[in-house]
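*Asks:* What follows is a protein structure lacking sequence information:
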C-alpha cells in the first residue's frame, strides 16, 4: 500500500496543471499511465514549444541573416530574439556571447578545438573530474593527444561530492583550464563550481562548465559561477532536440579560431584567403536550426513563467521524497549526496539482485520510464565499483504519485525474478 500522496511542504508548482501542457503525458505505455522518469536524458515538450516550431514553419520559414524580404527579416528577428532570451536565462550580460551549436557535446568540442588547439601545448595541464560525462572528457582526451597537454582528475568522496579539500594538489601553476559538470548526470550531485573556480583563478586558469544537467533545474548565473565557458542542451529543459548553447566571455571568443568553415561565418572571401565575421557569427557556419531556436525561446518563456527558483524547490521536494521511499527498500542502494540540497532531481540506484538493464525492462512494463546503464560516465561507474546503475530523473511534471509508481514497479520486479 502506498503512503498517502500528500505534500508536507507548500508545493511551489501546480504539477497537475503543468501535466495538461504536455501532450505525450496523456498516452499510455503497455496499457499503463506513462510515468516518465528519464528527464536527465531528455525532457518532454510542452504544447507551447511544439506550437512555436509549427508556427515558424507555417508562417515565417526562411533563412536568416541573408535575405531582405519579409520572411527572411521575420526569421532573423525571431532567431536573434532567442539569443537575447538565452542570455537573460543564464544571467549573461552580452547576447553576442551566446553561440548556438547542436548540443552540449558540440559546444565542448568547439572550445577544445577553437581555444584549446590555439592556446595549449606540452607542459600545460587541464583539470577535470572523475565524474564527467563522456562529452566533457573525450574531446579533452583528443586535445591532449594532439597538443601534448596533460589531463588531471579531481576525485570524489563517498557521497559523490568533489574533493575540494585538496584542490592545491590538482590545480597548480601548470593548470590552464579546469573543466567540470555543473551537476553530475549519474549522481545528481551539484558540484562546488564557485569553490573550484576560485582555485582556478588563483593560478590564472580558465573554467569550463558543462551545464547540461544544471541549466534545466534551477537558476543559473554565469557571473556568480565565475566561469569562462558555460554550455547546455535545451532539449533537457523543455526545448527541442538539435540546438545547443555555448556562452563564453566575449574576449575569449574574439581570440579563438573558427570551429567550422563555410557560409555565414565569413566577413570576406577571396580565392586565396578569408576573414571572419564578428562574434558570435564566426562560430555559426552554415544555415542554423532556426525552428529549433524558436522552440528554445518558447521553452525559456515557459520556464521563466514558472520561475527557476520554484523549479529548484520542486525538485528538492520530490528527490527528498524519492530517497525516503527508496530507503524503505532494503535491497536498494542509491548513490550520491544524502542531503537533497546537494543534488538535483535524480536518484541513481541499484538492486542488490537484479541487473539495472533487467530492472529497467521490467518497470517499463508498468509504464515507468527510467534509464539503465553507465550513463555515458564509465570512469565514474568504475570509481563507484559498479558496472551500471538505474536512474530515475524527475522534472516539473513529476510528483509523489510518480515516485510511488516507481517503488511499486521495483517491488513487482522482485516478484518477476522470484525474489
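*Replies:* Nice, I can see it. Model, not experiment: these values are computed from the prediction.

*Asks:* how about the nearest residue to residue 188, chain neighbours excluded?
*Replies:* Beyond its immediate neighbours in the sequence, the residue positioned closest to residue 188 (Cβ to Cβ, 6 or more residues apart in numbering) is residue 343, lying 3.8 Å away. Any C-beta I mention is one placed from the backbone N, CA and C, and that applies to glycine too.

*Asks:* how about that neighbour, what does it touch?
*Replies:* Shown in contact with residue 343 (Cβ atoms under 8 Å, 6 or more residues apart in numbering): 183, 187-190, 319, 336-337.

*Asks:* swap the cut-off to 7 Å and go again
*Replies:* Each residue near residue 343 by Cβ atoms under 7 Å, 6 or more residues apart in numbering is listed here: 188-190, 319, 336-337.

*Asks:* can you tell me which of these are in helices?
*Replies:* Using DSSP state H, residue 319 are the members of those that sit in helices.

*Asks:* among the contacts of residue 343, who's most crowded?
*Replies:* For those, the largest number of neighbours (other Cβ atoms under 10 Å) sits with residue 188, at 29 neighbours.

*Asks:* My guess is that residue contacts residue 336. True?
*Replies:* Yes. Distance between residue 188 and residue 336: 4.9 Å, which falls inside the contact criterion (Cβ atoms under 7 Å).

*Asks:* Mind listing the shared neighbours of the two?
*Replies:* Common contacts of residue 188 and residue 336, defined by Cβ under 7 Å, 6+ apart, comprise 343, 348.

*Asks:* Roughly how far does the residue nearest to residue 188 sit from residue 242?
*Replies:* 29 Å (Cβ to Cβ, to the nearest Å).

*Asks:* Not counting its neighbours along the chain, what's nearest the residue nearest the centre of the chain?
*Replies:* A centroid search over the chain (Cα atoms, centre = their mean) returns residue 212, at 1.3 Å, as the residue closest to the centre. Counting by Cβ to Cβ, 6+ apart, residue 104 is the residue found nearest to residue 212 once chain neighbours are left out, at 4.4 Å.

*Asks:* Verify the stated contact: that neighbour with residue 210.
*Replies:* Yes. Under the contact definition of Cβ under 7 Å, residue 104 touches residue 210, with a separation of 6.1 Å.

*Asks:* so what sits against both of the two?
*Replies:* residue 231.

*Asks:* Look at these two and report which has more neighbours.
*Replies:* For residue 104 versus residue 210, neighbours defined as other Cβ under 10 Å are more numerous around residue 210 (29 against 26).

*Asks:* Would you list the phi and psi of the more buried one?
*Replies:* Note on residue 210: its backbone torsions stand at phi -80, psi 110 [degrees, to the nearest 10].
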